[in-house]
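A.B. asks: pasting a predicted model and its sequence here:
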Amino acid sequence: MVAKHTGSLVGAGLALSCVFAAGAATILSISTTSTTSSGGSTTTASVSSAVATTTATAPIANPPASSTSIAFSSFDFANGTKLPDKATLWVGNATFRPGSGGTAYVPVKLDRATPNTVIARITTVNGSGTLRAISGYNYQTVDKVVIFRPGDPLEQTVEVPIIAATAGQFFQLKLREAPWGALQGQSVASVTASYAAPTAKSTGSFRAARTFKATGTLQFTLAKSTHKRSPDGGWDRWATSLSHGRTQIANEETGLYLDSSIWPGIEGPVYWGTKGLVLHTQKLAQPIYHEGQNWKYGSSVLDGRNFIASQIGYGQYEWDARMPTRRGSWPAFWLVSTSGWPPEIDVYEGFGYQSYWDFDRHIGQTIHGGSGGYRAFQRGVVIQTEQAYGLKGYTEDFHRFAVDIQRDYITWFVDGKETYQSVNPFKGFRWYPIMDVAVKTNGAYNDGTGDMTIRSFKIYSAP
């Protein structure tokens, strides 16, 4: 989880302080060559909306172990301390035929094979001056998402329907913000009506999003009848603390991770409700003095560092949960290496302390690499999932958040749909899960609910 780890360094959450941070990855197809462009400019007189053109192959539920992109098969990950460089995404200038009807084909390109999923939000903007082209008169507005997964061709086409334009008229296609998962190259492109050869539509085959499917042996299921927890956990139970204690000062958290067996009389930080296991956060009626200071807020955590049944090397973790709504809450599902932090895999993270954060539409997914308590890299995304994938409503109902850890790639899913993928730099590591709701605020902390409810949690172990 971003900015929540068991080491002493500030975590990824602080580094992902932008509304949309650069992101992580995708790896399945073995092809990494750039696409070629078809000759000529096929146009369509009436198109209801512009699309990013790709030819998708069928979803791959269980990719073979040898599916790592050729571009990274020989990369030295240095035992989880190195990751291939990000690709740079840029939007290219384009031309189209003057006249009525037709389509402008605008290239969106990567400069190299990407080790992670790249997501770009792209929109049209009117031109300027006397030759400006205007949306609704000369062209139809585009507001689309373009996705590159590792192994995909390096060029896609955004199609913009043309209504009517004379020679020299132009509009622009621009990135809404820096691409998620890549560096930013040219962010604004001019699209001009010209009698010169029009920009051709790129061709290529792109992998469709995977569908989540458990491939391992069911190792653990969260159940009220067998659930156990204690302050430091044990071989058969969860800990209500983190490996380094009950505070995360380096992350500027203001909540103390509570246990009612240590502080009787507080509202229970973990309890079984009618819908599932509840991780409850609160503003304390009376501050608790701990480690030299008063704590006014209570956080909640279940940590599997000593819980043998929760630990795997390869396989899948899948939570079914409903998120909090309270500003200042910081829910997360994350994995930490049993050999110590880092590495770390953030399956879901909700930055409720950020003013822009929309719990119903935003998710954070990240990896952290390094060793011995020092982070060498982090790579992740904050995704507006409604626009990118048609997924939303994480506070309104229960949704499934899953990760599939294989030798060559790590893939993230929401409600069974792939949202993110990265090459796996952590081969040979074992993992334990952490589920928590932190608090990071100095405010009233009384709007909505600060609780996360977990209806189901399953762990599948794979060879």
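C.D. replies: Ah, there it is.
A.B. asks: any stretches of the protein with poor pLDDT?
C.D. replies: Along the chain, the parts satisfying pLDDT under 70 run over 1-70.
A.B. asks: what domains does the record give for it?
C.D. replies: 12-20+212-462, 65-206 (automatic domain parsing).
A.B. asks: how about those domains in TSV, adding mean neighbour count?
C.D. replies: Using the backbone N, CA and C atoms, a C-beta is placed for each residue, glycine as well. Converted to TSV, the domains of the chain look like this (neighbours: other C-beta atoms under 10 Å):
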stretch	mean neighbour count
domain 12-20+212-462	20
domain 65-206	20
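A.B. asks: show me the contacts for the nearest residue to residue 132 once chain neighbours are set aside.
C.D. replies: Sequence neighbours aside, residue 126 is the residue nearest to residue 132 in space, at 5.6 Å (criterion: C-beta to C-beta, 6 or more residues apart in numbering). By C-beta atoms under 8 Å, 6 or more residues apart in numbering, the residues touching residue 126 are 132-135, 171-172.
A.B. asks: of all the residues you listed, which two lie farthest apart?
C.D. replies: By the measure C-beta to C-beta, 134 and 172 form the most distant pair in the contacts of residue 126, at 11.8 Å.
A.B. asks: wait, residue 205 touches residue 153, no?
C.D. replies: Yes. Counting by C-beta atoms under 8 Å, residue 205 touches residue 153, with 7.2 Å between them.
A.B. asks: how much space between the residue nearest to residue 160 when sequence neighbours are not counted and residue 387?
C.D. replies: Among residues not flanking residue 160 along the chain, residue 104 sits closest, at 4.3 Å (C-beta to C-beta, 6+ apart). Going from residue 104 to residue 387 by C-beta to C-beta, to the nearest Å gives 22 Å.
A.B. asks: and if you look at residue 168?
C.D. replies: From residue 168 across to residue 387, the span is 33 Å (C-beta to C-beta).
A.B. asks: how close does the nearest residue to residue 111 once chain neighbours are set aside sit to residue 184?
C.D. replies: Excluding the flanking residues, the one nearest residue 111 by C-beta to C-beta, 6+ apart is residue 88, at 4.5 Å. Between residue 88 and residue 184 the computed distance is 7 Å (C-beta to C-beta).
A.B. asks: and what of residue 132?
C.D. replies: To residue 184, residue 132 is 25 Å away according to C-beta to C-beta.
A.B. asks: can you check residue 231 too?
C.D. replies: Distance from residue 231 to residue 184, counting by C-beta to C-beta: 46 Å.
A.B. asks: now the residue nearest to the spatial centre of the chain, what's its secondary structure?
C.D. replies: For the chain, residue 365 is the residue whose C-alpha lies nearest the centre (C-alpha atoms, centre = their mean; 3.4 Å). When classified by DSSP: H, G, I helix; E, B strand; the rest coil, residue 365 comes out as strand.
A.B. asks: got it, and residue 426?
C.D. replies: Counting by three-state DSSP, the backbone at residue 426 sits in coil.
A.B. asks: isn't it right up against residue 338?
C.D. replies: No. Applying C-beta under 8 Å as the test, residue 426 and residue 338 come out as separate, 11.6 Å apart.
A.B. asks: can you pull the contacts of residue 107?
C.D. replies: Contacts were defined as C-beta under 8 Å, 6+ apart; by that measure residue 107 touches 91-92, 94, 155-157, 199, 202.
A.B. asks: make a markdown table from the residues you listed and add distance to residue 403 to it.
C.D. replies: Listed next are these as a markdown table, based on distance: C-beta to C-beta, whole Å:
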| residue | distance to residue 403 |
| --- | --- |
| 91 | 31 |
| 92 | 34 |
| 94 | 38 |
| 155 | 30 |
| 156 | 26 |
| 157 | 32 |
| 199 | 39 |
| 202 | 32 |
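A.B. asks: out of the residues you listed, list just those in strands.
C.D. replies: Per DSSP state E, strands hold the following members of the contacts of residue 107: 91, 94, 155-157.
A.B. asks: ok, those vs residue 334, which is closest?
C.D. replies: Distance to residue 334 across those (C-beta to C-beta) is lowest for residue 156, with 31.9 Å.
A.B. asks: tell me how far that closest one lies from residue 181.
C.D. replies: 14 Å.
A.B. asks: and residue 426, what is it in contact with?
C.D. replies: Residue 426 makes contact with 77, 80, 337, 343, 345, 367, 369, 410, according to C-beta under 8 Å, 6+ apart.
A.B. asks: how about the helices in the stretch 351-463 of the chain?
C.D. replies: Counting by DSSP state H, counting those that start in this stretch, the stretch 351-463 of the chain has helices at residues 385-389.
A.B. asks: likewise the chain?
C.D. replies: Per DSSP state H, the chain carries helices over the ranges 12-15, 385-389.
A.B. asks: contacting residues around the last one?
C.D. replies: To tie it back to what came earlier, the one meant is helix 385-389. Applying C-beta under 8 Å, 6+ apart, the contact partners of helix 385-389 are 119, 121, 145, 147, 209, 361-363, 383, 391-392, 414, 417, 419.
A.B. asks: wait, isn't residue 332 in contact with residue 349?
C.D. replies: Yes. Contact criterion C-beta under 8 Å: residue 332 and residue 349 qualify, at 4.5 Å.
A.B. asks: residue 174 contacts residue 188, correct?
C.D. replies: Yes. With contact defined as C-beta under 8 Å, residue 174 counts as touching residue 188 (4.4 Å).
A.B. asks: relative to residue 149, how far out is residue 229?
C.D. replies: 39 Å.
A.B. asks: dump the residue contacts of the closest residue to residue 433 other than its chain neighbours.
C.D. replies: Spatial nearest neighbour of residue 433, excluding adjacent residues (C-beta to C-beta, 6+ apart): residue 304 at 4.8 Å. The contact partners of residue 304, taken as C-beta under 8 Å, 6+ apart, are 233, 238-239, 310-311, 432-434.
A.B. asks: among those residues, which one lies nearest to residue 252?
C.D. replies: residue 434 (18.5 Å).
A.B. asks: tell me the spacing between that closest one and residue 106.
C.D. replies: 43 Å.
A.B. asks: any idea how far apart the tips of stretch 277-285 sit?
C.D. replies: 23 Å (C-alpha to C-alpha, to the nearest Å).
A.B. asks: before we move on, what about stretch 196-206?
C.D. replies: End-to-end distance of stretch 196-206 (C-alpha to C-alpha): 30 Å.
A.B. asks: do stretch 106-114 as well
C.D. replies: Span of stretch 106-114 from end to end, C-alpha to C-alpha: 21 Å.
A.B. asks: chain center to that stretch: distance?
C.D. replies: Here stretch 106-114 is found 20 Å from its chain centre; the criterion is C-alpha atoms, centre = their mean, to the nearest Å.
A.B. asks: likewise stretch 112-128?
C.D. replies: 16 Å.
A.B. asks: no more questions from me, cheers.
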